[in-house]
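In: turn this into a structure:
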Amino acid sequence: QHGARELRAARDEAQRQQLWAGRKGALAASARLKPHYHIQDGVVPRSRLTEVLRFTEEVAQRYDLHVVNIFHAGDGNLHPLLLFDLREPRARERAIAASEEILHACVAAGGTISGEHGIGLEKRDYMRWIFSEEDIAAMLQLRAVFDPRDVMNPCKQLPSGSSCADIKQARGAAKAMAAGAWI
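Out: Residues are numbered from 1 along each chain as shown. Take a look at the predicted model:
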């Protein structure tokens, strides 16, 4: 009814292992299509999964990329692999732009920018899509409580200025709070 070509359910442990081998080998198999990839990790409500999967295909076509959608249908976690070849002009930039559009679609559909792989350098500036400036400031203050010397991956995970000044400001605020002052 919804266009699936086949549905398989394991009848025993051996079949279950074969199905998992297929899932785990998908990334490596994609290299037969294009040598490089940009993988994403967005989440959408399960009721919007089909819509966002279709959108990933539209985005990939618009940016002249191949997409292989690997996902967890049970929890709405998407892992679109945007495949490209670095020898093609601006291929990496197209993949990153397409990836950003896909994450925007996840948020617009009621989801978020990461389901299981977390926020790092790649997604830190997207935190403003889902959190207010006040939320981010509170997170920076909390981080500074546990890392007052800025040694635990500075400038990663949370949005920051070009010189990490906001982390330093949050560290100062955390010290003031520890001394009994409120911001």
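In: got a pLDDT number for the spatially most central residue of the chain?
Out: Nearest to the mean C-alpha position of the chain, by CA atoms, centre = their mean, lies residue 41 at 3.5 Å. We have a pLDDT of 91 for residue 41.
In: repeat for residue 181
Out: 42.
In: try residue 171
Out: Note on residue 171: pLDDT of 48.
In: identify the residues contacting residue 94.
Out: Residue 94 is in contact with 63, 64, 65, 84, counting by CB atoms under 8 Å, 6 or more residues apart in numbering. Bear in mind the C-beta positions are built from the backbone N, C-alpha and C, glycine included.
In: neighbours around the second one, how many?
Out: Neighbourhood size, residue 64 [other CB atoms under 10 Å]: 12.
In: looks to me like residue 125 is in a strand.
Out: No - with DSSP: H, G, I helix; E, B strand; the rest coil as the criterion, residue 125 is assigned helix and is not in a strand.
In: residue 55 versus that one, what's the distance?
Out: 22 Å (CB to CB, to the nearest Å).
In: which one of the two has more residues nearby?
Out: Set side by side, residue 125 and residue 55 show more neighbours around residue 55, with 20 against 13, by other CB under 10 Å.
In: pretty sure the more buried one is touching residue 105, no?
Out: Yes - with contact defined as CB atoms under 8 Å, residue 55 and residue 105 form a contacting pair (5.0 Å).
In: could you find the closest non-adjacent residue to the residue nearest to the centre of the chain?
Out: For residue 41, ignoring the flanking residues on the chain, the nearest one in space by CB to CB, 6 or more residues apart in numbering is residue 117 at 4.2 Å.
In: quick check: phi and psi on the one you found?
Out: The phi/psi pair for residue 117 (degrees, to the nearest 10) reads phi -100, psi -10.
In: next one: it from residue 66, what distance?
Out: 21 Å.
In: between these two, tell me which one has more neighbours.
Out: Taking neighbours as other CB under 10 Å, residue 117 and residue 66 compare with residue 66 leading, 16 against 13.
In: beta partners of the more buried one?
Out: Beta-bridge pairing for residue 66 (DSSP bridges): residue 83.
In: can you pull the contacts of it?
Out: With contact set as CB under 8 Å, 6+ apart, residue 66 has these partners: 33, 34, 60, 82, 83, 84.
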